[in-house]
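Trainee: Give me a 3D structure for the following:
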Amino acid sequence: MKTRYAELTYPIGEQALQGKAENSNTCLELIYDQYAPSLFRYALAITNSPDDAEDAVQNVFLNIARDLSRVRKIKNLKAYLYTATRNAAYSILRSKKRDEDHEQGLCTEADRHETSIEESVIRASIIREAFPSLPLEQREVLVLKVFDGMTFREIAETVGVSVNTIIARYRYGIDRMRRALGENCDG
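Mentor: All right, here's what the predicted structure looks like:
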């Protein structure tokens with residue numbers, strides 16, 4: 001049975017952790033349903049590999065399943081999950097000693113103001129090619145800000161750097177993506 005998110009007064013994960021879920025399995029399921037898609041996108045931005053991103057998110061939820069009572073003590077579940085996902089993704093990268101230049105990338109939705117499907121496909125292709133070329137730190141910030149709607153402060157807490165550093169990474173990443181779109185669409 002799917003939960004209707006609009007009917008909830010606070011995030012499902014928080015509801016589950018506050019003991020509103022019937023049992024531990026339901027609690028874990030509610031947390032997973034709410035956060036897994038966003039965590040996957042975040043891990044994908046870091047690893048540039050769908051398989052590695054799935055592994056990172058799976059590791060996070062396996063750790064939670066092993067000791068759900070510990071998770072109930074966490075004050076900010078969202079920050080915890082993103083930090084755990086980041087750590088898991090970086091761990092995977094370290095263990096595989098990957099190069100920055102990955103073949104697979106993250107594709108974003110085309111701009112809503114496109115006038116034709118062809119233009120949307122061209123822009124999506126450009127974004128798909130340009131996104132992996134961004135430095136890892138910029139990709140990470142763009143995904144958290146654009147897709148997951150995190151504030152700069154939340155991102156700074158998750159990543160463990162200053163808010164000013166996050167803002168700079170965001171700005172530089174956006175500028176590079178705009179240049180890629182401009183260069184490829186203008187001429």
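
Trainee: Find the centremost residue of the chain, please.
Mentor: Among the residues of the chain, the one closest to the centroid is Tyr42, at 2.0 Å (C-alpha atoms, centre = their mean).

Trainee: any idea how far Ile31 lies from Arg153?
Mentor: Computed as C-beta to C-beta, to the nearest Å, the Ile31 to Arg153 distance reads 23 Å. C-beta: built from backbone N, CA, C; applies to glycine.

Trainee: same deal with Ala124?
Mentor: Look at Ala124 and Arg153: by C-beta to C-beta, they are 30 Å apart.

Trainee: the more surrounded of Ile31 and Arg153?
Mentor: Counted by other C-beta atoms under 10 Å, Ile31 and Arg153 do not tie: Ile31 has more neighbours, with 24 against 10.

Trainee: I'd say the more buried one and Leu68 touch.
Mentor: No: contact criterion C-beta atoms under 8 Å: Ile31 and Leu68 do not qualify, at 9.0 Å.

Trainee: Test for you: state the pLDDT assigned to the residue nearest to the centre of the chain.
Mentor: The per-residue pLDDT reported for Tyr42 equals 93.

Trainee: and it, what is it in contact with?
Mentor: By C-beta atoms under 8 Å, 6 or more residues apart in numbering, Tyr42 lies in contact with Tyr82, Thr85, Arg86, Ala89, Glu140, Val143, Leu144, Phe147, Asp148.

Trainee: of those, closest to Asp55?
Mentor: Within those, distances to Asp55 taken as C-beta to C-beta reach their minimum at Ala89, with 8.7 Å.

Trainee: number of nearby residues for the closest one?
Mentor: Ala89 has 28 neighbours, counted by other C-beta under 10 Å.

Trainee: Please identify which helix or strand holds it.
Mentor: According to DSSP states H and E, Ala89 maps onto helix 77-96.

Trainee: Check what contacts that helix and list those residues.
Mentor: Helix 77-96 is contacted by residues 11, 13-14, 17, 31, 35, 39, 42-43, 46-47, 52-53, 55-57, 59-60, 63, 71, 74, 140, 144, 148, 150, 154, 157-159 when judged by C-beta under 8 Å, 6+ apart.

Trainee: out of these, which are inside helices?
Mentor: Judged by DSSP state H, helices contain the following of the contacts of helix 77-96: 13-14, 31, 35, 39, 42-43, 46-47, 52-53, 55-57, 59-60, 63, 71, 140, 154, 157-159.
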